[in-house]
Every structure is written in C-alpha cells, then in structure tokens.
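S.K.: Sharing a sequence plus its predicted fold:
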Amino acid sequence: ARLADYYQRRADVLNRGFSGYNTEWALKVMDGMFARMKGTLELVVVFFGANDSVVDGVGDARQYVPVERYGGNLKKIVEEIQRQAGPTKVLIVTPPPTTRNEERQNPNTQRYAEEAIRTAQALNIPYADIYTALNTDPHLPRFFSDGLHLSAEGNEAVYRALIRTIEEAFPTLKVTPCPVTGSTANRGASSQLPHYHPFHGEFSREL
C-alpha cells in the first residue's frame, strides 16, 4: 500500500507474491506471468528467501532450498522475467532477518541474504539489503508479528529501504514529494514518470 501510494497517478503496483513459496515453486508458476505486460513494466522487484532458508531437518522440508541453489534460482527468475518482458529494470531484495530460533535461525538466514547480494552483483542489478537494515536495529523484534512475518513497523522499514534503493539505482523512477504537503500524489510532486489523468485543479466547473 505504501509503494502504491508513492506511485499514485504514475504507476500501478501489482503484487505477484505467493504466500509460503520458495524460489523452486516460483519458477514453476512463472510461465507467461510477465509476457502480457511486455513493454509496460517499469520495474520488477524479486523478493525471496525467507522460506528457502528454513533450517534443513528442522523446518518444513518442502520449503528448504540449499543456499547455492537459491542463488541459482534467483538468477533464473531474473532471466525469465527479462525473457518474457524484454529489457526491464529488476531489483533483488534480500530476505529479512528472523527472531525465531527453531525452524528458522538468523545466522542461517544471513547466508541467504549474502547469496542474494552476490547474485545481484553477478547480474549487475541493484539490491535492497533489508537483512542488514533490520538486523542492525537494537529493537529487532518490533519488526515482526511472530518472529518471521513482518509487523506494521517491519513493513514500513522494508518500504523505506526499498524506496531508498529505487531512488538511488533508478533516478527516473524517483518521485519528489510536494514541498508543502510532503505528498507524492498531488500536483506539487515531481517525477520523470508522467502522471496519468488530470489533477482536480485542472478541471473547470462545467459539467
């Protein structure tokens, strides 16, 4: 919702996430997912790892993906997006940390975050390191509702890290807020992304 509000009037934000999926399962359902949007995509955000990084032998064995295979899967996902959609901007997001200590363990999740970064660097595409952004906070538990799923504060922190990365890596996708209201959705905001539909002030009183 925060990302959609940021791009209000300029771009539609579509969620193609699937709860509980790992990179293996994502690859199985990608066929044709982006082809119909060819030529219309500004950016695709790839965000996997929280399920791939379940501890082998402790968590759900179906979700576990070895870290090296996880990196290879991320590469395949990015390449499949670009194959279907043509040249388009892609950004990888690392898995967030965790405060659980059984089926998911933070040191193990860190390995997957590092692998996501290595994969992005190898592909020469930007990445948002939300693992570090959250894990370095002294009050880490506040970012989660249950040690794994993000709380409202966690989602806000991820949004801020993501927007910061987008603005730095893709200046043409940056929206500068209105200096008076701080909104990115009114006519005082500016961006290289054109807005669609007139602002209300552009209408006359005539019906």
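M.R.: Alright, I've got the coordinates.
S.K.: in what helix or strand does the residue minimising distance to the centre of the chain lie?
M.R.: To find the centre residue of the chain, average its C-alpha atoms and take the closest one (CA atoms, centre = their mean): that gives Val45, at 4.4 Å. Val45 belongs to strand 43-47 when assigned by DSSP states H and E.
S.K.: what sits against Gln192?
M.R.: Counting by CB atoms under 8 Å, 6 or more residues apart in numbering, Gln192 makes contact with 171-174. Backbone N, C-alpha and C define where each C-beta goes, glycine included.
S.K.: Ala169 versus that one, what's the distance?
M.R.: When CB to CB, to the nearest Å is applied, the distance between Gln192 and Ala169 equals 14 Å.
S.K.: Over to Ser191?
M.R.: In this view, Ser191 and Ala169 are 15 Å apart by CB to CB.
S.K.: In terms of neighbours, single out the busier of the two.
M.R.: With neighbours defined as other CB atoms under 10 Å, Ser191 and Ala169 compare such that Ser191 has more, 19 against 16.
S.K.: dump the residue contacts of that one.
M.R.: Listed by CB under 8 Å, 6+ apart, the contact partners of Ser191 are 10, 173-176, 184.
S.K.: Quickly list what it is bridged to.
M.R.: In this structure, Ser191 has beta-bridge partners Val175, where bridges are defined by DSSP bridges.
S.K.: ok, back up a step: next, report how far the next helix or strand after the strand holding Val45 is displaced from the centre of its chain.
M.R.: Sequence-wise, the next helix or strand beyond strand 43-47 is helix 67-85, with elements assigned using DSSP H and E. Relative to the centre of its chain, helix 67-85 is centred 15 Å away, using CA atoms, centre = their mean, to the nearest Å.
S.K.: and helix 67-85, what other elements does it pack with?
M.R.: Identification of packing neighbours for helix 67-85 by 3 or more CB pairs under 8 Å, 6 or more residues apart in numbering; DSSP states H and E yields helix 23-28, strand 43-47, strand 89-93, helix 106-123.
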